[in-house]
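Q: coords please:
(2 chains)
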Amino acid sequence: MAYSEKVIDHYQNPKNVGTLDKASKNVGTGLVGAPECGDVMRLQIEVNHETGMITDAKFKTFGCGSAIASSSLATEWLKGKSVEDALKIDNMTIVEELNLPPVKIHCSVLAEDAIKAAINDYREKNGMEKIKFEESVIH
Amino acid sequence: MLNLPIYLDNNATTPMDPRVLEAMTPYFLKHFGNAASRNHPFGWEAEEAVDYAREQVAKLIGADPKEIIFTSGATEADNLGIKGIFEMYATKGNHIITATTEHKAVLDTCKHIEKQGGEVTYLNVQPDGLIDLKELEAAIKPTTILIALMYANNEIGAVMPIKEISAIARKHGVLVFTDATQAVGKIPVDVNKDGIDLMAFTAHKMYGPKGVGALYVRRKNPRVKVTAQMDGGGHERGMRSGTLNVPGIVGFGKACEICMLDMEADTKRISKLRDKLEESLILLEEAYVNGSREHRLPHVSNISFKHVEGEGLLMGFNKNIALSSGSACTSASLEPSYVLKALGLGDDLAHSSLRFGLSRFTTEEEIDYTIKAISDTVLKLREMSPLWEMYKEGIDLSTIEWSGH
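A: You can find the predicted model right below:
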């Protein structure tokens, strides 16, 4: 299976690889996937309490090229967005942007799940109620 | 000079040896006859060429030429050998013993036999990939007609104790079938010394052409028969109908002859390169060789690089190095290699594996390039791996509740 140019680019030059201080109240961490399934994504966001804007985003991913690219792209999109807008990132937009083939759609679902998990972690840390999301269909 | 891309997926298929192609060429254009045409020189030439190739093939495995049944490849030979015995020996019994690490061509054939009313025992393997001989013997019943165990495994290269297996089989009057696809041409295989009754193998794993293989069927002590699986003109002593692939068979014969001549020198050189590759790569932290290192094909190595996913790893260099991974990261099949899992490897380690298959044409330069490319990619991906970070922080990954998906 050939990877798209964009997947290759993210794989070779991943954006925002790294770790934020998960103990900080400004930071939300989402850890999704499982080693047994062959992909684990950890996505972190740093939020400005006052503005509700995401000021930084980092990821680390264990997985195939598409999983790495999906999380790298997600961090790019998250930076500078409000938490509210971040919730609107849909896995299919990632699929379109990266030209993921059907067998790799689960990588984009994982990235969407990671975003939601990071936001909920941030909300929980700051005394807000966790948002209940519908279960992703493709798992 | 280093030529890219480098091919290290020789367990999938080998390139043809130019000497093989040279032997085949005349049989496409000049000597195109049908080996079954008995009444003219075109047929005679073709038949003569097939007879000669049959001798070359038989010689490599210590068989009589009459014991060689040409097929389209090892998959067909696996089907013919196993189904053919099941049908031919139906009055004697219906039980077959095999192992969980066999190739799909054997496993799926056994599944088919179960649907036909046969009984199949799938032996587990030990962590080194070899079966436990006591377990094998304990699995034999009065209804057992066949033991089907591969000579050498395609993913890890583990070489089964075929002599010991056949000694047990003999004691109980059970036939031995072996899929020797990866072994023939690479290590000495002798059907008599090894006590093999039926053996499947193929040309394209030993520098011959694709589309041609053989089933060895013992003719004496005991005389073994298989029921044909294809009806037609009664070629190959009635066991495999179909016009013979003359150029392919000629190439197969030549490939066997070359393997016989070059095996010792090839093995010496290739195993040295394999060892260099393996020893350099396991210098990386948390890198492990899968399967037996003692009882193994000289050109194969299977290594897991913990906390890095195999497909992601391949992407780091697959433009320049052709390799395969035990990981299958697609939504159609999230299951990693069943062979590695059968060794007792966790899914995480199975997902992190690479299979190396070297060949007669592999050079030291290629190995040096590969060592560097893989080491660099592993280090790069570990910097990107949340599992590696947790491991470095001393977190026990098995204690984490993963959001399975």
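
Q: do the longest helix seen in chain A and chain B meet?
A: Ranked by residue count, the top helix of chain A under DSSP state H comes out as helix A:105-125. Yes: contact of helix A:105-125 with chain B (Cβ under 8 Å from any Cβ of the partner chain) involves A:105-106, A:109-110, A:113, A:117. Yep, even glycine has a C-beta here, placed from its N, CA and C like the rest.

Q: identify, from these, the entry nearest to chain B.
A: A:His106 (4.7 Å; Cβ to the nearest Cβ).

Q: show the pLDDT at that closest one.
A: On the pLDDT scale, A:His106 is placed at 91.

Q: and it, how many neighbours?
A: 27 (other Cβ atoms under 10 Å in any protein chain shown).

Q: tell me the mean pLDDT over stretch B:125-141?
A: Across stretch B:125-141, the average pLDDT comes to 98.

Q: compute the first-to-last residue distance for it.
A: 20 Å (Cα to Cα, to the nearest Å).

Q: stretch B:121-132 now?
A: Stretch B:121-132: ends 14 Å apart by Cα to Cα.

Q: so the closest residue to B:Ile162 other than its chain neighbours is in which element?
A: Of all residues not flanking B:Ile162 in the chain, B:Asp194 sits nearest, at 4.8 Å (Cβ to Cβ, 6 or more residues apart in numbering or on different chains). Counting by DSSP states H and E, B:Asp194 is held by no secondary-structure element, helix or strand.

Q: which residues of the stretch 51-200 of chain B fall in strands?
A: Ranges of strands within the stretch 51-200 of chain B are B:68-71, B:95-99, B:119-123, B:144-148, B:175-179, B:198-202, based on DSSP state E, counting those that start in this stretch.

Q: give the partner strands of the second one in its sheet and their orientations.
A: So the one you mean is strand B:95-99. Each strand paired with strand B:95-99, and its direction, by DSSP bridges: strand B:119-123 (parallel), strand B:144-148 (parallel).

Q: do the last one as well
A: Its sheet considered, strand B:198-202 pairs with strand B:175-179 (parallel), strand B:213-217 (antiparallel) by DSSP bridges.

Q: with mean pLDDT and mean neighbour count added, can I get those in JSON lines?
A: Formatted as JSON lines, the strands paired with strand B:198-202 follow (pLDDT from 0 to 100; neighbours: other Cβ atoms under 10 Å in any protein chain shown):
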{"stretch": "strand B:175-179", "mean pLDDT": "98", "mean neighbour count": "27"}
{"stretch": "strand B:213-217", "mean pLDDT": "98", "mean neighbour count": "28"}
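
Q: what does chain A have sitting close to chain B?
A: Close to chain B, as judged by Cβ under 8 Å from any Cβ, chain A has residues A:3, A:8, A:11, A:14, A:17, A:19, A:31-42, A:60-68, A:102-106, A:109-110, A:113, A:117, A:136, A:138-139.

Q: change it to 7 Å
A: By Cβ under 7 Å from any Cβ of the partner chain, the residues of chain A that approach chain B are A:3, A:11, A:14, A:17, A:19, A:31-40, A:42, A:60-65, A:68, A:103, A:105-106, A:110, A:138-139.

Q: show me which of the residues you listed are buried.
A: A:3, A:11, A:14, A:17, A:31-40, A:42, A:60-65, A:68, A:105-106, A:110 (16 or more other Cβ atoms under 10 Å in any protein chain shown).
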